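> Sequence and predicted structure below; questions after.
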Amino acid sequence: MKIIHTADLHLDSKLKRHLDDRRAKERRDELLLTFQRLVEYGAHEGVEAILIAGDLFDAAKISATARNAVYHAVKNHPDLQFFYLRGNHDADGFLQDVKDRFEELPENLKLFSDTWTSYELCGRDGASVVITGAEMNAENKGKLAASLLLDQAKRNIVTLHGQEVETAGKKDAEIIPLREYKNKGIDYLALGHIHAPKLEKLDARGVYAYAGCLEGRGFDECGPRGFYLLEVSADTIKAQFVPFAKRVTYELSVDVSKALVSDDVVACIRKEAKAAGVTGEDLVKAVLVGETEMDAEFDLGYVAKALEEEFYFFKVKDQSRPKVDYERFALDASLKGEYVRRIREAVQVGELNEEEASEMIRLGVRLLAREEKLS
């Protein structure tokens, strides 16, 4: 029996931090279409259940487009069972909107509450699994683990939405103390809340996994995104991560130590992007690093313009530092030499740190060099 574990889709996210209105709308549509594509994948691959471990939506109020698309994706696939556990971003809005618009929820949409709810799923191949979940809040967070009782003779999937910790103690409601869920008879602990995929041992019997978000929405969600495909048998539950995002978000660290002009920087970024497997469909943030020559001249506006058509979205940030050779200016009688010596003295007495000094020298030396050319 196959089951999909997904989470943190955050449908209807605004997505305006980096994108203009047109592309933000386009990405919102793409997130919704990726969910529909996930359902079609499940139907095509013989999956029998899709487990959504929280944050299907990004806010309590959702658009009619998102409501209708999710409702019909579920309704039109009666052979797929959907297990929807609400996360901290979800609310009653979707479920109430569906009831108001369509009068009832689809029969194949299974829900959870703030107490443990269990469903036994029997597969077409004869395998069976019990899916148990509870929605966490401030009132139940300290009681859930102790009240979890499972039949250890069966295959057990438990689902929660929250932040993993070794032991309880934080004030937040969405805290999952992993130690308290060990040796409970869990084969697979399906989690949501952390947006990067992760699969680790829970105890001698089972594992815990964060599916991560289905699509990266910003540069804090870089790298492959997708879901876990579970293979349930009488003896085990095996999990395989399936990359599934339409677009991948990358933050590239680009060494520009040998670059002297803007076109050198462009070439370095292209080389790094190619090595990372970036395509023109992806979102890219290039962070320039390394120690550059003091007479290196980079125009970030030019670099951004040169590459903006090569990727779906591109931005560049300069964190490189000029390689300051103080000895080179020790006896330099020019205004440039005097400027560098004054900066060095400020570092020595603690008025500036090396990072501040490097940036001041970079800007000052370039400005003085231009004045020398004009004189």
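Now that the structure is in, tell me what you want to look at.

> Distance-wise, check the residue nearest to G212 when sequence neighbours are not counted relative to L352.
Of all residues not flanking G212 in the chain, P197 sits nearest, at 3.9 Å (Cβ to Cβ, 6 or more residues apart in numbering). Heads up, the C-betas are built off the backbone N, CA and C, glycines and all. According to Cβ to Cβ, to the nearest Å, P197 and L352 sit 43 Å apart.

> Same question for K2.
Remark: distance between K2 and L352 (Cβ to Cβ) = 61 Å.

> what about L363, which SS state?
helix (DSSP: H, G, I helix; E, B strand; the rest coil).

> Look up which helix or strand the residue lying closest to L178 once chain neighbours are set aside falls in, please.
Among residues not flanking L178 along the chain, E164 sits closest, at 5.5 Å (Cβ to Cβ, 6+ apart). Taking DSSP states H and E as the criterion, E164 maps to strand 163-165.

> Repeat that for F314.
Here F314 is covered by strand 313-318, with elements defined by DSSP H and E.

> Just checking: what are the partner strands of that strand?
strand 283-289 (parallel) (DSSP bridges).

> confidence score at E166?
With respect to pLDDT, E166 has a value of 79.

> ok, for it, nearest residue in space, not its chain neighbours?
According to Cβ to Cβ, 6+ apart, the nearest residue to E166 is R179 (5.6 Å).

> need the contact list for the closest residue in space to W116 that isn't next to it in sequence.
Closest residue in space to W116, ignoring its immediate chain neighbours: A134 at 5.0 Å, by Cβ to Cβ, 6+ apart. By Cβ atoms under 8 Å, 6 or more residues apart in numbering, the contact set of A134 is 85, 112-117, 140, 144, 160.

> Minimum pLDDT in these, which residue is that?
Lowest pLDDT among the contacts of A134: N140, with 89.

> My understanding was that that one contacts D114; is that so?
Yes - taking contacts as Cβ atoms under 8 Å, N140 lies within contact range of D114: 5.2 Å.

> Which stretches in the stretch 251-375 of the chain count as helices?
Ranges of helices within the stretch 251-375 of the chain are 262-276, 300-307, 335-348, 354-374, based on DSSP state H, counting those that start in this stretch.

> Tally up the residues packed near the closest residue to K317 other than its chain neighbours, please.
Leaving aside its sequence neighbours, K317 sits nearest to V287 (Cβ to Cβ, 6+ apart; 5.1 Å). The local packing of V287 (other Cβ atoms under 10 Å) involves 15 other residues.

> Look up how far R247 lies from the residue nearest the centre of the chain.
Geometric centre of the chain, nearest residue: E221, 2.7 Å, by Cα atoms, centre = their mean. Applying Cβ to Cβ, the value for E221 to R247 is 11 Å.

> Ok, L149 next?
Applying Cβ to Cβ to L149 and R247 gives a distance of 43 Å.

> and the two? which has more neighbours close in?
More crowded of L149 and R247, by other Cβ under 10 Å: R247, with 18 against 11.

> quick check, the more buried one in a helix?
No - using three-state DSSP, the assignment for R247 is coil, not a helix.
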